[in-house]
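[1] sequence and predicted structure, then a few things I'm wondering about:
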Amino acid sequence: MQRFTTQLRVRYHEMDPLGHVNNAVYLHYLEQAAIEHSEYLGFGEARYRELGGIFVLRRMQVEYLRPAVAGDTLAVETWLQEMRGPRVIRRYEIRRRNGADLLVIAEAVWVWVDAASVRPKAIPASILEVFQAASQTTNEVITNSVS
């Protein structure tokens, strides 16, 4: 499976009282990686709207293994495990940029919904074709979005 990686820098305001990244902030990191992966493949929000729908998050399972702290640069990696009907199962790993420390593993279920009815419907063929073609490769893509 093709894996997409983006890099994010942990900011001081993302810390909790214990001095590490607040667990809720990791959800933002995961969502950002999914959005950037989609955009990289040519499917930003505007393109999805042209196709009459959008992906919405239905479920997220997160396992927190180690903490990150302000100043850390994190590599957030994501890939698609399965696309079927209206549903996509997307996997994630977050590591320190050096790749040595695995901090978070997660799995999300995203659902394609019709923009007008906000009801699930089958993912359009044009999206399936692009994402499935990308999934056939083993190339890792890295974006430089450290901020």
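    Received the coordinates, thanks.
[2] dihedrals phi and psi, the residue nearest in space to the middle of the chain?
    In the chain, the centroid-proximal residue (CA atoms, centre = their mean) is residue 34; its distance is 2.5 Å. Recorded main-chain torsions at residue 34 are phi -60, psi -40, according to degrees, to the nearest 10.
[3] wait, it touches residue 76, no?
    No. Using CB atoms under 8 Å, residue 34 is not in contact with residue 76; the gap is 9.4 Å. Bear in mind the C-beta positions are built from the backbone N, C-alpha and C, glycine included.
[4] low-confidence ranges, the chain, go.
    1, 137-147 (pLDDT under 70).
[5] what ranges does it have for its strands?
    Ranges of strands within the chain are 3-9, 53-64, 73-84, 87-96, 102-114, 140-143, based on DSSP state E.
[6] is residue 83 bridged to anything, and to what?
    Assessed by DSSP bridges, residue 83 has beta-bridge partners residue 88.
[7] how many residues are close by it?
    The number of residues packed near residue 83 is 18, by other CB atoms under 10 Å.
[8] that one contacts residue 129, doesn't it?
    No. The criterion here is CB under 8 Å, and residue 83 misses it with residue 129 at 10.5 Å.
[9] mind checking how far the residue nearest to the centre of the chain is from residue 13?
    Using CB to CB, to the nearest Å, residue 34 is found at 22 Å from residue 13.
[10] same thing with residue 123?
    As judged by CB to CB, residue 123 and residue 13 stand 36 Å apart.
[11] repeat for residue 99
    Taken as CB to CB, the span from residue 99 to residue 13 is 26 Å.
[12] how about residue 121?
    The gap separating residue 121 from residue 13 is 39 Å, by CB to CB.
[13] between these two, which is the more surrounded one?
    Ranked by neighbour count (other CB under 10 Å), residue 121 and residue 13 place residue 121 first, with 14 against 8.
[14] can I assume that one is in contact with residue 86?
    Yes. Between residue 121 and residue 86 there is a contact under CB under 8 Å: 5.7 Å.
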